[in-house]
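K.L.:
Everything below, folded, please.
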Amino acid sequence: MPDVTIYRETAYYCGEEYLDVYIYPVYKRPGQRAKKAKPTTETQAKLNERHAAEKLGRLLNTNFTPNDLSFGCSYRVNPESDDQVKRDAHNYLDRLRRRYKKAGVPLKYIMVIEKSKAGRYHLHVIINDAGIDRDELERIWGYGYANSKRLEFGKTGLVGLAKYITKRPIFGKRWNASKNLIHPQPKPNDRRIRSRRKAAALAKDPEDRQPWEKLYPDYIMAEVVPFHNDENGGVYLFARLYRKDGVYSTASDRSRARPNAHHLDKT
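P.N.:
Sure thing, here's the model as predicted:
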């Protein structure tokens, strides 16, 4: 029997502002599970890095706002081992939790620990705003230097930040996160796209926003990444969209437009 092909849409609604959409073929024979081709090690590593950044971008877009903070934490004296960095990071989070508890606000965080080629350790930490003075939050780090800034959302939200901080993970997990984060769930749909012809039409011109905004009328298309698989002839697409009435990206635009913003309020 010939393979039966459908085109599946899997959507992730990231809070009120952003939408990630995957469109891809599903091949199977009636009554059989489709076999998956195994990618090469190098290809798989690149896919893992890309999917990790996409997942982290969704977590950031779902759980944080332009009022929240990003910290870059460096050491005055570089630790001797990865285990020492783990202990320092754990102690840092404990101090933050105590300070947030005092403020009456639950701490939400995502933390990434990286190590440069020269062996220097650095932490990226994203936390929710609790109305605590930022100079105090920077001092809580305690092992060297910490610089904070307000999160800047664009048309793809915090995807650029997610890509940046997932490039050099040194542990098995690419990041650590608090348990009170909302994880956007996949919403599959086999009825919206259905055919290869429709998927190919969407892939024809990645700059053409009109067909995407017809499919998702409440959203504006920010970017589309199409891919054609020569082995199975399938069309694959990944799209990021943001709401027409969204406020996060415009809030960041206003902040960047203020020439003395950093001097006035450290944004």
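
K.L.:
Keeping just the C-alphas, turn stretch 116-125 into CSV.
P.N.:
What follows is stretch 116-125, C-alpha atoms only, in CSV (Å, rounded to 0.1, in the frame of the first residue of the first chain):
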residue,chain,number,x,y,z
SER,A,116,34.4,30.4,27.9
LYS,A,117,37.2,28.9,25.8
ALA,A,118,39.6,30.6,28.2
GLY,A,119,38.0,28.8,31.1
ARG,A,120,36.1,31.7,32.6
TYR,A,121,32.7,31.1,34.1
HIS,A,122,29.7,33.3,33.6
LEU,A,123,26.0,33.1,34.6
HIS,A,124,23.0,34.4,32.8
VAL,A,125,20.0,34.7,35.0
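
K.L.:
Flag every buried residue along that stretch.
P.N.:
By 16 or more other Cβ atoms under 10 Å, the buried positions in stretch 116-125 come out as 121, 122, 123, 124, 125. (Each C-beta comes from the backbone N, C-alpha and C, glycine too.)

K.L.:
cool, stretch 51-67 as well?
P.N.:
Using 16+ other Cβ under 10 Å as the test for burial, stretch 51-67 gives 52-66.

K.L.:
In helices, which of those appear?
P.N.:
Residues of the buried residues of stretch 51-67 located in helices (DSSP state H): 52, 53, 54, 55, 56, 57, 58, 59, 60, 61, 62, 63.

K.L.:
Distance-wise, check the second one relative to residue 69.
P.N.:
This points to residue 53. Shown here: residue 53 relative to residue 69, a distance of 20 Å by Cβ to Cβ, to the nearest Å.

K.L.:
State the distance from the residue nearest to residue 194 when sequence neighbours are not counted to residue 237.
P.N.:
Nearest residue to residue 194, sequence neighbours excluded (Cβ to Cβ, 6 or more residues apart in numbering): residue 7, at 5.8 Å. Going from residue 7 to residue 237 by Cβ to Cβ gives 9 Å.

K.L.:
Which residues are in contact with each of these two?
P.N.:
Residues touching both residue 7 and residue 237 (Cβ atoms under 8 Å, 6 or more residues apart in numbering) are 23, 24, 199.
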